[in-house]
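>>> Just the structure for this:
(chains A and B)
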Amino acid sequence: AQSVTQLDSQVPVFEEAPVELRCNYSSSVSVYLFWYVQYPNQGLQLLLKYLSGSTLVKGINGFEAEFNKSQTSFHLRKPSVHISDTAEYFCAVSGNTGFQKLVFGTGTRLLVSP
Amino acid sequence: DTAVSQTPKYLVTQMGNDKSIKCEQNLGHDTMYWYKQDSKKFLKIMFSYNNKELIINETVPNRFSPKSPDKAHLNLHINSLELGDSAVYFCASSQRGNGNTIYFGEGSWLTVV
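As a prediction, the model looks like this:
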């Protein structure tokens, strides 16, 4: 079984500052990793994913994440945030064989202020 | 065109009622899901169907019954609604062999009063 820990429930940041949202996972098998974003009263949108290959993954809206197998982490970063990035961000993990559940972390609320 | 669409988006109903949420995907995926998001934003899988067959069935009360008439549709029927059923229900789909990448609908906000 897999599990995900997002240690920060809320991250306040000023506009144009860099941000990192932390995600650690646990799994006994190889994994796929995902970040989703949820804007207020909306559904979940896929930001980026790691399936295999390069450990640095680039996604939409200028976000990127780095898979670190030794530290079992998949932190999300953006060099300069905008007010419009204010949203809930979810890290998720699944095993990479057969039918696997996508297991979500508890989410991190990114609050960008002017 | 909406890839994963679910209706209704908002639903307010009384305790004890029976309600359904419908979901359709036009992505040609072979697997569909229902997830529940509680008031603390926690997301948990409820059911998953692959080519109309149930493959994941988490510990969910029997009052919840999914139905998949074909691989593009997965509906969720809830009997005898309780206050604790108030949540956002997300339908999603994926294609096996595509890295388990799941695409979500916009959600259905269910409020039981």
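>>> for chain A, what are the nearby residues on chain B?
With CB under 8 Å from any CB of the partner chain as the criterion, chain B meets chain A at residues B:31, B:33, B:40-45, B:48, B:50, B:55-56, B:90, B:96, B:99-107, B:109. Using the backbone N, CA and C atoms, a C-beta is placed for each residue, glycine as well.
>>> Now the residue most central in space within chain B: closest residue in space, sequence neighbours ignored.
Nearest to the mean C-alpha position of chain B, by CA atoms, centre = their mean, lies residue B:34 at 3.1 Å. Residue nearest to residue B:34 in three dimensions, not counting chain neighbours: residue B:46, with 4.4 Å by CB to CB, 6 or more residues apart in numbering or on different chains.
>>> Name the residues that touch stretch B:35-46?
A:38, A:44, A:88, A:90, A:101-104, A:106-107, B:33-34, B:56, B:58, B:60, B:64, B:66, B:76, B:86-92, B:104, B:107 (CB atoms under 8 Å, 6 or more residues apart in numbering or on different chains).
>>> I'd like to check which residues are in contact with the residue nearest to the centre of chain B.
Going by CB under 8 Å, 6+ apart, residue B:34 touches B:23, B:45, B:46, B:47, B:48, B:66, B:74, B:76, B:89, B:90, B:91, B:92.
>>> again, but for residue A:76
A:20, A:21, A:23, A:35, A:47, A:48, A:63, A:64, A:65, A:89, A:91.
>>> Cross these against strands and list the overlap.
Among the contacts of residue A:76, the members found in strands (DSSP state E) are A:20, A:21, A:35, A:47, A:48, A:64, A:65, A:89, A:91.
>>> picking that back up, of all the residues in the helix or strand harbouring the residue nearest to residue B:34, which ones are buried?
For residue B:46, the host element (DSSP states H and E) is strand B:43-50. By 16 or more other CB atoms under 10 Å in any protein chain shown, the buried positions in strand B:43-50 come out as B:43, B:45, B:46, B:47, B:48, B:49, B:50.
>>> Output the lowest mean pLDDT helix or strand found in chain B.
None of the helices or strands of chain B scores lower by mean pLDDT, DSSP states H and E than strand B:53-57, at a mean of 87.
>>> Partner strands of that strand and their direction?
Applying DSSP bridges to the sheet, strand B:53-57 is found paired with strand B:43-50 (antiparallel).
>>> Contact residues of chain A facing chain B?
Within chain A, the positions near chain B by CB under 8 Å from any CB are A:32, A:34, A:36, A:38, A:41-46, A:49, A:51, A:88, A:90, A:94, A:96, A:99-104, A:106-107.
>>> let's see 6 Å
The interface of chain A toward chain B, taken as CB under 6 Å from any CB of the partner chain, is made up of A:32, A:43-44, A:49, A:51, A:88, A:94, A:99-102, A:104, A:106-107.
>>> Would you list the buried entries among those?
A:32, A:43, A:44, A:49, A:88, A:94, A:100, A:101, A:102, A:104, A:106, A:107.
>>> Skipping adjacent residues, who's closest to residue 16 in space?
Picked chain A for this. Using CB to CB, 6+ apart, the closest residue to residue A:16 is residue A:80 (5.0 Å).
>>> Wait, chain B was what I had in mind.
residue B:80 (5.8 Å).
>>> low pLDDT regions in the chain?
Unless you meant another one, I'm taking chain A. Within chain A, no range satisfies pLDDT under 70.
>>> if you could check chain B rather than the one you did, that'd help
Across chain B (using pLDDT under 70), the flagged ranges come out as B:1-2, B:98.
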